[in-house]
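Asker: return a 3D structure for these sequence lines:
(chains A and B)
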Amino acid sequence: MSFKSWINGEEDLLLNNLKTTRREDDHVKPLLTDEEKKSENSKVLNKIYNVEDNRRLKRFDKTYRVVAIVFCVLLAAAMLFTISYLPKVGDPDTPANSSVVSERYIESGLQETGATNIVTGMILTYRAFDTFGETNVLFIATVCVMVLLMLDEKILEKLDKTSDRIYEPDYDPILTLAAKVLCPIILLFGIYIVLNGQLSPGGGFSGGAILGAAMILYNAAMGFGKTQRFFNENIYKVAKITALCMYGLIGTYFYITGANGIDNMIPLGTVGAILSGGIILPIDIAVGIEVACTMYAFYALFRRGGL
Amino acid sequence: MDFVRNLPAISILACMFAAIISSGLPRRAARFLNYVLIAAVGGMSLMCLAYVMNIQGSVVYVMGKFPAPWGNEIRFGVLECLMALFFSVVMFLAVLGGRHKMRDEVAKGKEFLYYVLIDLLFSSLLALVYTNDIFTAYVFVEINTIAAAGLIVIRENGRTIEAGVRYMVMSLMGSGLLLAGIMIMYDVTGHLLMSNIKEAVDQIISSGEYYIPVIVAIALMTTGLCIKSALFPFHSWLPDAYGYSTVSSAAVLSSLVSKGYIFLLIKLFYRVVGFEVISNSHILRIMFVFGLIAMISGSVSAIKQSDIRRMIAFSSVAQIGYIYMGFGMGTEAGMIASIYHIMSHAATKSMLFISAIGLTDVSRGSRDFKDLTGAALRNKVAGVGFLVGSLSMVGIPLFSGFISKLQFMNAAVDLSLQKMLPSLIVLGISTILNAVYFMKTVIRIYTPVTKVEGGMEELTVMEGERIGINGVVHEEDRITFRKQILYGTVIILFILLNIILGVFSNEIITMIRMGLEMFA
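Answerer: Below is the predicted model:
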């Protein structure tokens, strides 16, 4: 017998000479019939899910609670103990407040980033890579929610009209009117926050959350039919991918040119104007779109299982 | 500046771009992009490795215009590039090896999401390997955690959802502790960049001010990463998460995700705190003890299992125990042994998971030991893969597992008596326990079975002879190499990888030693 045929599984060292014969006095156990299997199964299931009479489970439950409480108390005590050794809050001489890092952020942040809002300048220019990672956290969170909750459009179409996912109530006139008045204002405010990230408190993350909230309000008042006219799955995909790619491209350009000592071509602009802050403004817009999409996608996925 | 220096940054960013673009692509295109990406990152890591071997030093790369400590920074030396290269190889094989099961395991219309998750997971692993900034590390730990949970739950059945939730809770606990540690560290040092923190910590240790917060911060960060990498008392999430997820996920989670966290921990020890500070504190001793307990208890739990994938998963607990025992030794030799074991375990465990799926496929999908009898005769490639994996785990020469055991023994001999005796004894016991459950499985899968005609009953040939039945194995249950060329090739490549790790161990250990020297 050749090695090759053994590798291919055509012949077998041990088995190829064996043949099947049956003897009259067969000792083989009779197989269970389907009904017997079912009753066995239900017996086992009853035993497993009978929580009240399960002493082991009860004991576990009690110990678990006690151990959890003890653990939490110990952890809290350890933390409080540590806090008493930490530098005082607000003391100008603490290591964090007096280090070269915060000094440069405060003293030359304005010249280097062109942003009057130091926080935005810091997270989007000095530590742009971290923030790109953080935006990707939002992105991957939506992906995970999609994994769990997204339903195929075909399944959604087949669902009964009274199903929780499809059912659209008769909309309350007060809610509808309020949404009609409020949504444009909230959207405008969100856009303002996004665009003024480099000038005043706000920026992509907070502005995007406001935009998302406006869309959720509109959806809750008008229903999916009307929302899908301007925001459906395709538009969502295009918006999300464009925003993230835009951020990624700007970021990559910034990292690579910076690291190689090449001056980047993005002007910082005049301090205080809307078009200032170099890479901050486009990144803020990208982050704003991504956050708004994420907020709305969470709502839509939990409510309907699709956008 | 040489162009090669840009490659680590480019490889991290390329993974993120691939993930973003994949979210809008159809299934096949996303899959193709994923393969190309992993291969490209492997190539780039190889180039970086050659470069740093050539210049004999590590390279600091500033992400953006502003130098550290104001901006982000990545840093790579021999060890980082070696790990990145190795992670790419294992990731590539793991993803390819589980490809044929994808249709059964992932719901239709969600396959592209699987590749998005894999891409992002890969980017976070690379970032954990390359980063020199402790907060960047935290951000990517977050991505890693969420992506891993997604990879568990994507096979939607009750068991994986429960496992995913449990993983999420435990892992978030770990992230929280890590974040608390980072905050305390920032509060007392004023830096987030690893090298700067180390200078500040050295000052604190010599002056004595803020000594307690520093130690607490180290303890919190270490505990957080231990929870995330499933060290013994925190391993309860592991068996379900590895045992019921899709086969690629199991291979990736066991061999790469936990190793990413362990690598971050090594980085914390060497680059943030300094190894002398760590080895003088009690943290390493605690780690040592828990490592030893994990080695025994993981193996004992594995022996009790009757489900092959859960058995392999529990074996991971024991192997993670080995790694932490090596840390706990507190010597350079122990550290080198641990790092070698990270590689050896990653290569072996993913091979075991992938061969196990081949064995269960020819046993009507059952993972129970009883049904697996003779599975290796029905699917020979998978059987050989499992055999090699088991031999490597037990520590037979020629395979990588032997070298790591040898390294651990060598490292243990140089220790003080109180540490030497327990580590040698436990290593011995653990090897025997490993042999018990792996050889038990190997013998079972190589025991020929007889199928009784007309029934589903299976008997081993010996039982059949005793009661006078001769039978044949039905042809339709067999899978030949020709029917699974991709899968078979992956298994053969895994075997080769294992043998390469075993045969060229001297070179690899020299590289690890060199990497550790330029690491701090």
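
Asker: only C-alpha atoms from now on, for both contacts and neighbour counts.
Answerer: Noted.

Asker: what's near enough to touch residue 286?
Answerer: Going with chain A. With contact set as CA atoms under 8 Å, 6 or more residues apart in numbering or on different chains, A:A286 has these partners: A:G204, A:A243, A:L244, A:M246, A:Y247.

Asker: chain B is the one I meant
Answerer: Contact analysis of B:I286 by CA under 8 Å, 6+ apart lists B:G328.

Asker: hang on, B:L264 packs against B:Y130?
Answerer: No - using CA atoms under 8 Å, B:L264 makes no contact with B:Y130, being 9.5 Å away.

Asker: can you give me the helices for the stretch 301-450 of chain B?
Answerer: B:308-329, B:332-361, B:369-372, B:375-378, B:380-394, B:400-413, B:417-445 (DSSP state H, counting those that start in this stretch).

Asker: and of those, who's closest to B:I20?
Answerer: Of all those, helix B:332-361 sits nearest to B:I20, with 26.7 Å by CA to CA.

Asker: got the angle between the closest one and helix B:417-445?
Answerer: 20 degrees (axes from the mean of the first three to the mean of the last three CA atoms, to 10 degrees).

Asker: distance from helix B:332-361 to the middle of the chain?
Answerer: Taking CA atoms, centre = their mean, to the nearest Å, one finds helix B:332-361 lying 7 Å from the centre of the chain it belongs to.

Asker: what helices or strands is it leaning on?
Answerer: If you count contacts as 3 or more CA pairs under 8 Å, 6 or more residues apart in numbering or on different chains; DSSP states H and E, helix B:332-361 packs onto helix B:78-97, helix B:247-252, helix B:308-329, helix B:375-378, helix B:380-394, helix B:400-413, helix B:485-503, helix B:505-517.

Asker: so can I have a markdown table of those showing distance to chain A?
Answerer: A markdown table is the format used below for the helices and strands packed on helix B:332-361 (distance: least, CA to the nearest CA, whole Å):
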| stretch | distance to chain A |
| --- | --- |
| helix B:78-97 | 18 |
| helix B:247-252 | 14 |
| helix B:308-329 | 20 |
| helix B:375-378 | 7 |
| helix B:380-394 | 7 |
| helix B:400-413 | 25 |
| helix B:485-503 | 11 |
| helix B:505-517 | 23 |
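
Asker: and the ones you listed as a markdown table, adding mean pLDDT?
Answerer: Output for the helices and strands packed on helix B:332-361, formatted as a markdown table (pLDDT from 0 to 100):
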| stretch | mean pLDDT |
| --- | --- |
| helix B:78-97 | 94 |
| helix B:247-252 | 92 |
| helix B:308-329 | 92 |
| helix B:375-378 | 85 |
| helix B:380-394 | 92 |
| helix B:400-413 | 92 |
| helix B:485-503 | 93 |
| helix B:505-517 | 91 |
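
Asker: who in the stretch 1-150 of chain B is up against chain A?
Answerer: Contacts of the stretch 1-150 of chain B with chain A, taken as CA under 8 Å from any CA of the partner chain, map to B:1, B:6, B:13, B:16-17, B:20-21, B:23-24, B:61-66, B:69-72, B:109-110, B:113, B:116-117, B:120, B:135-136, B:139-140, B:142-143, B:146-147, B:149-150.

Asker: could you dump the helices of the stretch 301-450 of chain B to CSV with distance to A:A221?
Answerer: Putting the helices of the stretch 301-450 of chain B into CSV (distance: least, CA to CA, whole Å) gives the following:
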stretch, distance to A:A221
helix B:308-329, 49
helix B:332-361, 50
helix B:369-372, 56
helix B:375-378, 59
helix B:380-394, 57
helix B:400-413, 63
helix B:417-445, 61
